[in-house]
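Visitor: Got a sequence here, can you build the structure:
(2 chains)
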Amino acid sequence: MLDHSQVLHVARLARLELNDAEVERLASELSHVLDHIEKIRELELDGVAPTSHVIDVVNALRPDEPIPSLPAEVALAAAPEPVEQGFGVPTPGVAQ
Amino acid sequence: MTDLIELSAAQAAESVRAGEVDARELFETYRARAAANELNAFTWVADAAPEGGAGGPLGGVPVAVKDLFCTEGVPSQAGSRILEGYRPPYTATVVANLARAGAPLLGKTNQDEFAMGSSNENSGFGPVLNPWDRARVPGGSSGGSAAAVAAGLAPWAIGTDTGGSIRQPAALCGIVGMKPTYGACSRFGMIAFASSLDQAGPLTRDVTDCALLLGQMVGKDPCDSTSLEFPEEITLPRGGDLNGIRLGVPEELTGSEGGVDPGVRDRFEEALKLAEDLGASIEPCRLPHAPHALSAYYLIAPAEASANLARFDGVRYGLRVDGSSDLLTMYSRTRATGFGPEVKRRIMLGTYALSSGYYDAYYGTAQKVRTKISEDFKAAFERFDFVVTPTSPWTAFELGAKTDDPLAMYLNDFCTVPMPLAGIPAISIPCGLSENLPVGFQLAGPAFSENRLLSAAYALEQAIGFDGSDARR
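Guide: Residues are numbered from 1 along each chain as shown, chains lettered A, B, ... in the order given. Just a heads-up that it's a prediction; the model follows:
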């Protein structure tokens, strides 16, 4: 079960502003989904190695040769706030 | 001359090569149909055929591309308002491969936002309608690609499959859809959902088109270190029997637990009978951990999504909201405004599963289940050539029927999530109608068994003789 304070904590971690109705709905929906998912914790999985990559690939390296990157003006073309040769951001503000 | 729309893509390519069909006329015929867009299947349609010849193995037959593939200078929005109007500075490798092989870009297809959904109702640009019944969903997340091919708005299309997003809409729209082995197709330029699961693949009218298109998609790409050299050439399927082929029917995915509709079960069993007539042997098999695949999937995929979608922060591209406030407020409001409800739900689920104190219990456990699912398939493939199931437990449902219950929506993926968790290829082919709606038959094989899968699917396709022309009227 997720309560409201847990939902708000997770939303803060996810950088997601939620209104009261969303907090209410997500607490109930996520709890419902987690109840179903919880069943896997009943499985006997001691000593089972976790899988993070499913097809065997070892040391996928390419030659370390320099290749051109996107020109700055192309990389900045879709930026909401291009500033000279960089991406503009608001002031960091006060830590929450 | 034959009606252009009634030619399969492979036939159209052949006709162009033989000089019987003009590639520009073919492009314009489909362009006009796509632009009319009655099903909301497209989010962007090309103005005109590109300059240049119709050479190459794909003969100038244009391809519809799911919106989440980056295409240089062309809107690539992944079905999300947070990327509205975004035109990337480069093109996805798979799309570039197809263009080079002679399949120019016809248009971008609508999809569930960031590929999260099984009905296309999660698109930021409105739902796609199923051409068999416009009151119903086309499936998802590659619903625009599936509907476009089924309705003859595109000769063929590509999509992506993370938990069933190619196979399930293909099934619900009565076409062929294939998820290749993980790593067969480059993911470079695919806007990422769950990186350890995402794979590009074809959505086509028949199995021959599927093989022809897939053959030009695969290959190792220096821009994606998880991509692999496909060990053999993809060949066009021929031959008509299934002699000596052993099909395993997993009780866990076809029994009562999956809630398979009676009409779907009937068509599935008829297809099994046809397979038997073609020489295949059919026996029950066991995938003991398959019922837990959905739970593992709905931890792993949202966890990876929550990390991947961190890039949408209003800084480098896309939407920005409240840029004059402080940084954290700008991040949080941009994401609150730009993401739809399902994307928020999955980011929340994934962030929770990865958060301090829960990581081992959720994400770690799900990764162990993933190992068990791979082992189940390995054991099954010692006895069987392929594992077969219905692709979806039910046929296309009505718009809005499942939007209020996320868990019910997730159950759509019951038969399709185990394969991506194991990284193995699977294909869905239409196997008939139930109450005038298409039913999909799924075959899954070991990693890199694409040629054998296509060959078996082709034999079965010939025996089934599915007629999808009703959806093109």
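Visitor: wait, residue B:212 sits on residue B:9?
Guide: Yes. Residue B:212 is within contact range of residue B:9, at 6.9 Å (criterion: CB atoms under 8 Å). Any C-beta I mention is one placed from the backbone N, CA and C, and that applies to glycine too.
Visitor: Tell me the residues that contact both of the two, please.
Guide: Taking CB atoms under 8 Å, 6 or more residues apart in numbering or on different chains as the contact rule, residue B:212 and residue B:9 both touch residue B:58.
Visitor: For chain A, which segments are assigned as strands?
Guide: A:82-83, A:86-87 (DSSP state E).
Visitor: of all those strands, which lies closest to chain B?
Guide: Set against chain B and scored by CB to the nearest CB, the strands of chain A come closest in strand A:86-87, at 5.1 Å.
Visitor: Any regions of the chain where pLDDT drops low?
Guide: Here I'm looking at chain A. The model of chain A has pLDDT under 70 over residues A:94-96.
Visitor: wrong one, chain B
Guide: Judged by pLDDT under 70, the stretches of chain B that qualify are B:1-2, B:52-54, B:256-258.
Visitor: which residue ranges form the helices in chain A?
Guide: Using DSSP state H, the helices found in chain A span residues A:4-13, A:20-37, A:72-75.
Visitor: just the stretch 351-473 of chain B next, same as before
Guide: Secondary structure of the stretch 351-473 of chain B by DSSP state H, counting those that start in this stretch: the helices cover B:365-383, B:406-410, B:418-422, B:450-464.
Visitor: nearest residue to whichever residue of chain A sits closest to chain B other than its sequence neighbours?
Guide: Using CB to the nearest CB, the single residue of chain A nearest to chain B is residue A:93, 2.4 Å away. Of all residues not flanking residue A:93 in the chain, residue B:326 sits nearest, at 2.4 Å (CB to CB, 6 or more residues apart in numbering or on different chains).
Visitor: and if you look at residue B:289?
Guide: Closest residue to residue B:289 apart from its sequence neighbours, by CB to CB, 6+ apart: residue B:372 at 4.3 Å.
Visitor: Return the set of buried residues in stretch B:464-473.
Guide: Neighbour counts over stretch B:464-473 (16 or more other CB atoms under 10 Å in any protein chain shown) mark B:464, B:466, B:468, B:471-472 as buried.
Visitor: In terms of helix, strand or coil, where does residue B:309 fall?
Guide: helix (DSSP: H, G, I helix; E, B strand; the rest coil).
Visitor: ok, residue 81 - contacts?
Guide: Went with chain A since none was named. By CB under 8 Å, 6+ apart, the contact set of residue A:81 is A:87-89, B:320, B:323.
Visitor: wait, chain B
Guide: By CB under 8 Å, 6+ apart, the residues touching residue B:81 are B:124, B:319, B:337-340.
Visitor: And residue B:61, by the same measure?
Guide: Contacts of residue B:61 (CB under 8 Å, 6+ apart): B:9, B:12-13, B:16, B:23, B:26, B:102-103, B:155-156.
Visitor: I'd like to know which of those are part of strands.
Guide: Filtering those for strands - DSSP E - leaves residue B:156.
Visitor: do you know how far the nearest residue to residue B:243 once chain neighbours are set aside is from chain A?
Guide: Distance criterion CB to CB, 6+ apart; nearest residue to residue B:243, sequence neighbours excluded, is residue B:279 at 3.6 Å. From residue B:279 across to chain A, the span is 31 Å (CB to the nearest CB, to the nearest Å).
Visitor: Could you measure from residue B:421 over to chain A?
Guide: 7 Å.
Visitor: swap that for residue B:342, please
Guide: 10 Å.
Visitor: List the contacts of residue B:266.
Guide: With CB under 8 Å, 6+ apart, residue B:266 has these contacts: residue B:434.
Visitor: Next one: the residue nearest in space to the middle of chain A from residue B:128, what distance?
Guide: Nearest residue to the geometric centre of chain A (CA atoms, centre = their mean): residue A:14, 6.8 Å. Applying CB to CB, to the nearest Å, the value for residue A:14 to residue B:128 is 28 Å.
Visitor: Then residue B:340?
Guide: 15 Å.
Visitor: Looking at those two, which is more packed in?
Guide: Using other CB atoms under 10 Å in any protein chain shown as the criterion, residue B:340 and residue B:128 rank with residue B:128 on top: 34 against 20.
Visitor: shouldn't that one be in contact with residue B:40?
Guide: Yes. Residue B:128 is in contact with residue B:40 according to CB under 8 Å; the separation is 5.2 Å.
Visitor: coming back round to it: hang on, isn't the residue nearest to residue A:93 packed against residue B:332?
Guide: No. Counting by CB under 8 Å, residue B:326 does not reach residue B:332; the two are 10.2 Å apart.
Visitor: Looking at those two, which one has more neighbours?
Guide: Counted by other CB under 10 Å, residue B:326 and residue B:332 do not tie: residue B:332 has more neighbours, with 23 against 16.
Visitor: so who does the more buried one touch?
Guide: So residue B:332 contacts A:15-17 (CB under 8 Å, 6+ apart).
Visitor: coming back round to it: check the burial of the residue nearest to residue B:289 by counting its neighbours.
Guide: Residue B:372: 23 neighbours (other CB under 10 Å).
Visitor: Can you tell me the SS state at the residue of the stretch 1-150 of chain B found nearest chain A?
Guide: Residue nearest to chain A within the stretch 1-150 of chain B: residue B:89 (4.7 Å; CB to the nearest CB). Look at residue B:89: counting by three-state DSSP, its state is coil.
Visitor: can you list the buried residues of stretch B:464-473 in TSV and add distance to residue B:347?
Guide: Listed next are these as TSV, based on distance: CB to CB, whole Å:
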residue	distance to residue B:347
B:464	41
B:466	39
B:468	37
B:471	35
B:472	38
